[in-house]
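Enquirer: Predicted coordinates and the sequence they were generated for:
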Amino acid sequence: AANIVSTGDLHVQVPVHKSEGDLAQLGETFNKMTQELRTQRDELVNASDLIDSRRRFIEAVLSSASAGIIGVDASGSVGILNRSAEKLIGHAESETMDHPLSDVLPELDDMMKAAREGTQRLVQGQVTITRDGHERNLSVRVSAEKTSQSRDSYIITLDDITELVSAQRTSAWGDVARRIAHEIKNPLTPIQLSAERIRRKFGKVITEDKAIFEQCTDTIVRQVDDIRRMVDEFSRFARMPKPVMEGEDVADTVRQAVFLMRVGHPGIDIRAEIKQDPMRAQFDRRLISQALTNIIKNAAEAIEAVPPDQLKKGCIDVIAAREDEDIVIDVIDNGIGLPKVARARLLEPYVTTREKGTGLGLAIVGRVLEDHGGRIELKDAADFRPGQRGAWMRLRFAASGHAAKPEVKEQVADSAPPQAEMTETGEATSETLNTEVKASETGTVEPADTTNNETKIETATDS
């Protein structure tokens, strides 16, 4: 029986005969021992199965959670990293396990220090991280937990609030425009009329320093026009027109935009490649045409910014195709390219790299595409053609015409239906849709008049 037990079989029992005295007592003790061992083994197996089941459940919860979750042990090393956290921080679990958190995510050093040294068990805050040129805003919660050794371990949750922060900034700009625009634009007309009246009334009378007099009045009129132009652009951003979805041909829209830009930039080789012709979709032809024209114009200006000795021939490729339920239009140039750092902020209002730019162009294009259920993507031309300099702009919108639900920023929009001036060919006139990307510290454009009855999104020719 002992040999059988040694093999792991605990169901063996020895016969017990009370007449055998001490031998019978030994047999009973042996049988009781094997029964207890069998019970303990079964309990251990059940406990192990339960632990394994709970582990699988926790792993399933962690892997399916939309928030990023990181577990950090008492030594500060990463012990848990779910899939969402991998995507947010740009590192796979295999690259981070047992590595110090300060090496994996140094942006959390201050919060971890506060969690270790503070009396509160929960520390919350926001951090900004940059991975592969993309900037993300994360909402972070660090929770301290006592281990069996009375040492703290930490659970960190990460939520990507990049789009929320961007929407809040955009909404704030729109609110500023709605509240104080009239304070800026209303005095402009009286100032301009007064300057013109002074020039007419006293221009013939003044003989001494007449040149200075005319220069000063001309400066007033010209500067008022410049201010009005910037204010109008601010107003257009605050009151975007609602798209009118109609069945149109994307291929024809692309060809028209390319033709207009070829005329305006004869020194640049602008080529159109249509993957499907015709390419029917539901969209607002006027808005999409203006957005595309603006992107091509921006590409042309990026090419013109390259020193002539560094570029033989400027080229812009415009490629339109249908991908599943989306329309995709790629604009690839060989210009100066996009900045590597904080590229996502280029889509925010009043962020521009150009000295005279207003920083509204890309923001307006982004909103046009959002209203069409799409987005704009900023990439490097080298991602499309290895070795090529320049930028790659991708415009994507839903072919069904299903517009995205309005965000908070739409609440500041004017309810009056906007109008746009059109040329004899049916295209929108070129005037004021600028695509610039300028560091916000270079200046702030004041908000525009929200009482303007007409809203145009038009391509700039003078900025």
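Expert: All right, it came through fine.

Enquirer: tell me which residues in whichever strand in the chain runs longest are buried?
Expert: Scanning the chain for the strand with the most residues, using DSSP state E, yields strand 134-146. By neighbour count with 16 or more other Cβ atoms under 10 Å, strand 134-146 contains the buried residues 136, 137, 138, 139, 140, 142, 143, 144. Just so you know, the C-beta spots here come from the backbone N, C-alpha and C atoms, and that holds for glycine as well.

Enquirer: show me the contacts for the third one.
Expert: The neighbours of residue 138, taking Cβ atoms under 8 Å, 6 or more residues apart in numbering as the test, are 68, 88, 126, 127, 128, 129, 158, 159, 160, 161.

Enquirer: ok, now how distant is it from residue 158?
Expert: Residue 138 is 5 Å from residue 158, where distance means Cβ to Cβ, to the nearest Å.

Enquirer: for residue 91, same thing?
Expert: For residue 91, the distance to residue 158 equals 12 Å [Cβ to Cβ].

Enquirer: what about those two, which has more around it?
Expert: Ranked by neighbour count (other Cβ atoms under 10 Å), residue 91 and residue 158 place residue 158 first, with 24 against 18.

Enquirer: Just want the phi and psi numbers for that one.
Expert: Dihedral angles of residue 158 (phi, psi; degrees, to the nearest 10) stand at phi -120, psi 130.

Enquirer: Do you know the pLDDT at it?
Expert: Looking at residue 158, its pLDDT stands at 92.

Enquirer: Quick check: chain neighbours aside, which residue is closest to it?
Expert: residue 68 (3.5 Å; Cβ to Cβ, 6 or more residues apart in numbering).

Enquirer: between the contacts of residue 138, which is nearest residue 380?
Expert: Nearest to residue 380 out of these is residue 129 (Cβ to Cβ; 20.1 Å).

Enquirer: State the three-state secondary structure for the closest one.
Expert: The three-state assignment at residue 129 reads strand, by DSSP: H, G, I helix; E, B strand; the rest coil.

Enquirer: so what's it up against?
Expert: Counting by Cβ under 8 Å, 6+ apart, residue 129 touches 88, 89, 105, 107, 135, 136, 138.

Enquirer: Next one: it from residue 111, what distance?
Expert: In this view, residue 129 and residue 111 are 13 Å apart by Cβ to Cβ.

Enquirer: repeat for residue 183
Expert: 41 Å.

Enquirer: Compare those two and say which is more crowded by neighbours.
Expert: Neighbour count, other Cβ under 10 Å: between residue 183 and residue 111, residue 111 has more, with 20 against 11.

Enquirer: so where does that one fall, helix or strand?
Expert: helix 109-117 (DSSP states H and E).

Enquirer: helices or strands up against that helix?
Expert: In terms of contacts (3 or more Cβ pairs under 8 Å, 6 or more residues apart in numbering; DSSP states H and E), helix 109-117 is packed against helix 101-104, strand 122-131, strand 134-146, strand 152-160.

Enquirer: on that earlier part again, from the contacts of residue 129, which shows the smallest pLDDT?
Expert: Minimum pLDDT for the contacts of residue 129 is recorded at residue 135 (77).

Enquirer: which residues does that residue bridge with?
Expert: Residues in a beta bridge with residue 135, per DSSP bridges, are residue 130.

Enquirer: quick check: mean pLDDT across the helix or strand hosting residue 366?
Expert: Take DSSP H and E as the rule and residue 366 turns out to sit in helix 361-371. Here helix 361-371 scores 86 as its mean pLDDT.

Enquirer: Paired strands for whatever helix or strand comes next after it, with orientation please.
Expert: The helix or strand immediately downstream of helix 361-371 is strand 375-380, counting by DSSP H and E. Sheet pairing for strand 375-380, assigned by DSSP bridges, gives strand 391-398 (antiparallel).

Enquirer: same question for the partner strand, mean pLDDT?
Expert: Averaged across strand 391-398, pLDDT comes to 93.

Enquirer: and the angle for that strand with helix 361-371?
Expert: 30 degrees (axes from the mean of the first three to the mean of the last three Cα atoms, to 10 degrees).

Enquirer: Using PDB, write out every CA atom in strand 391-398.
Expert: Taking Å, rounded to 0.1, in the frame of the first residue of the first chain, the C-alpha atoms of strand 391-398 are listed here in PDB:
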ATOM      1  CA  ALA A 391       4.900  66.100 -46.900                       C
ATOM      2  CA  TRP A 392       2.100  63.600 -47.500                       C
ATOM      3  CA  MET A 393      -1.400  64.900 -46.700                       C
ATOM      4  CA  ARG A 394      -4.300  62.300 -46.700                       C
ATOM      5  CA  LEU A 395      -7.900  63.500 -46.900                       C
ATOM      6  CA  ARG A 396     -10.300  60.800 -45.900                       C
ATOM      7  CA  PHE A 397     -14.100  61.100 -45.800                       C
ATOM      8  CA  ALA A 398     -17.100  58.700 -45.900                       C
END
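
Enquirer: Contacts for that strand, please.
Expert: With Cβ under 8 Å, 6+ apart, strand 391-398 has contacts from 283, 288, 291-292, 295, 298-299, 302, 325-333, 335, 337-338, 365, 369, 372-381, 383-384.

Enquirer: Check those for burial and list the buried ones.
Expert: 283, 288, 291-292, 295, 298-299, 302, 326-333, 335, 337-338, 365, 369, 372-374, 376, 378-381, 384.

Enquirer: Dump the buried residues of strand 134-146 to TSV, plus distance to residue 242.
Expert: Converted to TSV, those look like this (distance: Cβ to Cβ, whole Å):
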residue	distance to residue 242
136	30
137	29
138	33
139	32
140	37
142	43
143	44
144	49
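
Enquirer: between the longest strand of the chain and strand 375-380, how big is the angle?
Expert: On the basis of the same axes, to 10 degrees, strand 134-146 is oriented at 100 degrees to strand 375-380.

Enquirer: close enough to count as contact, residue 316 and residue 302?
Expert: No: the criterion here is Cβ atoms under 8 Å, and residue 316 misses it with residue 302 at 9.3 Å.

Enquirer: okay, and the common contacts of these two?
Expert: residue 333.

Enquirer: Helices of this structure, start to end?
Expert: 2-6, 22-64, 83-89, 93-96, 101-104, 109-117, 162-185, 188-202, 210-238, 250-264, 285-304, 361-371, 381-384 (DSSP state H).

Enquirer: what about these, which gets the closest to residue 271?
Expert: That would be helix 250-264 among the helices of the chain, by Cβ to Cβ, at 7.7 Å.
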